[in-house]
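> compute the structure for the input listed below.
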Amino acid sequence: MIYKVIQAPDERLLQVSTPVERFKDHLGELSGDLMESRRAAANAQGLAAVQIGFPVRMIAMDPQVFFGFRLIINPEIIERGKSVVT
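Numbering: from 1, shown residues only. Okay, here's the model as predicted:
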């Protein structure tokens, strides 16, 4: 299923996403929906589950530098730079 992408300044994007503790059937379905929604979004290299209304720590990416689709579960920011990309 393709979901509409939630964009800033929507407050739902400020929710703290919950970690994935067990990859259950509904998360398998969500990962497929996340991938489809990412492909359907114009110019999207990646899409977080919270951006389609599901506040769980899951990201779908398909940048060329990674040679194909990647599903990232429970990502963590370990270092933050000063530059901002918009």
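
> in the chain, what residue spans correspond to strands?
Residue ranges of the strands in the chain, as given by DSSP state E, are 46-48, 58-61, 70-73.

> of all those strands, which one is nearest Met35?
strand 58-61 (4.9 Å; Cβ to Cβ). Backbone N, C-alpha and C define where each C-beta goes, glycine included.

> still on that earlier bit, which of the strands of the chain comes out lowest on mean pLDDT?
Per-stretch averages of pLDDT across the strands of the chain put strand 70-73 at the bottom, with a mean of 88.

> name the helices or strands packed onto that strand?
Under the contact definition 3 or more Cβ pairs under 8 Å, 6 or more residues apart in numbering; DSSP states H and E, strand 70-73 sits against helix 25-40, strand 58-61.

> just the ones you listed: most buried one?
strand 58-61 (a mean of 22; mean count of other Cβ atoms under 10 Å).

> chain center to it: distance?
4 Å (Cα atoms, centre = their mean, to the nearest Å).

> try stretch 54-71
So, by Cα atoms, centre = their mean, the centroid of stretch 54-71 is 7 Å from its chain's centroid.
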